[in-house]
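Participant: this one's sequence-less:
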């Protein structure tokens with residue numbers, strides 16, 4: 001069956017599909033700040049009727065989520081000692097380690113064409129094409145034999161969405177614990193003893209697998225699932241000045257490490273959807289400044305908390321009342337708001 005016929009069958013199952021062209025691009029470098037700059041550039045220019053698959057690799061890099069506290073997540077002195085790199089993405093979620101045994105993917109589409117199931121189908125079919133049986137788990141992870149080899153994160157802005165993630169082919173697993181400070185609460189909530197015990201390399205299931213073979217399979221299944229032959233994009237086609245400006249943002253100290261924040265009080269809680277840490281500056285019983293950190297995959301919820309908490313009494317009911325005024329039409333976000341509200345009302349300050 002041709003890619004076009006497969007695409008037509010998929011569209012009949014799915015309903016309306018506005019995608020009539022696809023593009024494929026590979027990064028030529030391994031600098032995380034440059035690769036994230038290219039990703040955001042593609043995101044800002046993705047057409048309404050277009051789907052883009054972007055594949056990229058980083059060398060010895062820790063990538064943290066938009067709302068995470070780099071000082072808590074990372075062993076910074078060890079990272080600096082080994083010459084590794086820290087990068088911060090614009091999506092939510094937790095910290096991950098990248099080396100050249102890992103392949104990153106990004107699907108970029110308009111909001112009306114965003115379909116997580118369809119995007120994950122590309123990954124699943126590519127891995128299955130390589131002779132490896134994989135399946136989805138509850139929190140958008142992809143597993144083989146119950147072990148995670150791919151994690152995902154998401155971003156939405158101005159009518160566009162992207163879904164990106166990792167595929168572990170031959171990652172140095174001993175490096176995972178080396179650079180990351182993983183919350184004991186997070187591990188306990190999942191009933192897991194260590195980071196290493198819950199992940200796996202695809203090469204363990206197909207010893208002949210290489211990054212290049214995986215790239216080839218991903219492009220093939222991308223075209224099959226979307227039903228269009230993909231146009232190959234080259235980095236030379238991109239607006240170099242625009243990419244450079246984004247690179248300067250991603251490589252800046254302010255973006256990676258964030259503002260220095262001297263806090264007096266901190267509260268923390270682990271929810272089913274992620275960890276939340278809130279730090280406060282308080283003067284005469286009033287909250288004068290707030291920082292909120294989280295590995296939640298829904299960064300919008302986290303970003304709204306500092307503004308509603310700033311300027312009110314440092315009191316659990318006052319904070320709960322403010323959080324109670326936050327709402328979303330999106331079911332998961334609304335549930336998160338209610339979880340945070342209930343926690344703030346009962347927390348001991």
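Facilitator: Looks like it arrived, so ask away. Because the structure is a prediction, the values reported are computed rather than measured. Residues are numbered from 1 along each chain as shown.

Participant: Let me know the secondary structure of the residue most central in space within the chain.
Facilitator: By Cα atoms, centre = their mean, the chain has its centre lying nearest to residue 153, at 2.7 Å. Following DSSP: H, G, I helix; E, B strand; the rest coil, residue 153 is assigned to strand.

Participant: Might you report the residue contacts of it?
Facilitator: Neighbour list for residue 153: 65, 89, 91, 92, 93, 163, 164, 165, 297 [criterion: Cβ atoms under 8 Å, 6 or more residues apart in numbering]. In short, each C-beta sits where N, CA and C put it, glycine included.

Participant: Tell me the pLDDT of it.
Facilitator: We have a pLDDT of 92 for residue 153.

Participant: Roughly how far does it sit from residue 141?
Facilitator: For residue 153, the distance to residue 141 equals 11 Å [Cβ to Cβ, to the nearest Å].

Participant: where do the strands sit along the stretch 51-200 of the chain?
Facilitator: Along the stretch 51-200 of the chain, counting by DSSP state E, counting those that start in this stretch, strands occupy 61-64, 85-88, 96-98, 102-110, 135-136, 142-144, 147-150, 152-157, 160-168.

Participant: which of those has the lowest average pLDDT?
Facilitator: strand 135-136 - the lowest mean pLDDT of the strands of the stretch 51-200 of the chain, at a mean of 85.

Participant: Tell me the neighbouring strands of that one, and mark each as parallel or antiparallel.
Facilitator: Strands that pair with strand 135-136, judged by DSSP bridges, come out as strand 142-144 (antiparallel).

Participant: Name the residues of the partner strand that come out as buried.
Facilitator: Residues 142, 143, 144 are the ones in strand 142-144 that count as buried (16 or more other Cβ atoms under 10 Å).

Participant: sorry, back to before: now list the buried members of the contacts of residue 153.
Facilitator: Buried members of the contacts of residue 153, scored by 16+ other Cβ under 10 Å, are 65, 89, 91, 92, 93, 163, 164, 165, 297.

Participant: Dig out what the residue nearest to the centre of the chain forms beta bridges with.
Facilitator: residue 164.

Participant: go on, residue 293?
Facilitator: Residues in beta-bridge contact with residue 293 (DSSP bridges): residue 277.

Participant: And for residue 289?
Facilitator: Beta-bridge partners for residue 289, by DSSP bridges, are residue 281.

Participant: Report the separation between it and residue 167.
Facilitator: Residue 289 is 40 Å from residue 167, where distance means Cβ to Cβ.

Participant: With neighbour numbers in mind, choose between these two.
Facilitator: residue 167 (24 against 18; other Cβ atoms under 10 Å).

Participant: Am I right that the more buried one is in contact with residue 106?
Facilitator: No - the criterion here is Cβ atoms under 8 Å, and residue 167 misses it with residue 106 at 11.8 Å.

Participant: Residue ranges in the stretch 201-349 of the chain under the pLDDT threshold?
Facilitator: Where the stretch 201-349 of the chain drops to pLDDT under 70, the residues are 259-260.

Participant: now the strands for it?
Facilitator: All strands of the stretch 201-349 of the chain, identified by DSSP E, counting those that start in this stretch, fall at 230-233, 265-271, 274-283, 286-294.

Participant: Please render these as JSON lines that adds distance to residue 29 to the earlier fields.
Facilitator: Shown next, in JSON lines, are the strands of the stretch 201-349 of the chain (distance: least, Cβ to Cβ, whole Å):
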{"stretch": "strand 230-233", "distance to residue 29": "15"}
{"stretch": "strand 265-271", "distance to residue 29": "37"}
{"stretch": "strand 274-283", "distance to residue 29": "31"}
{"stretch": "strand 286-294", "distance to residue 29": "30"}
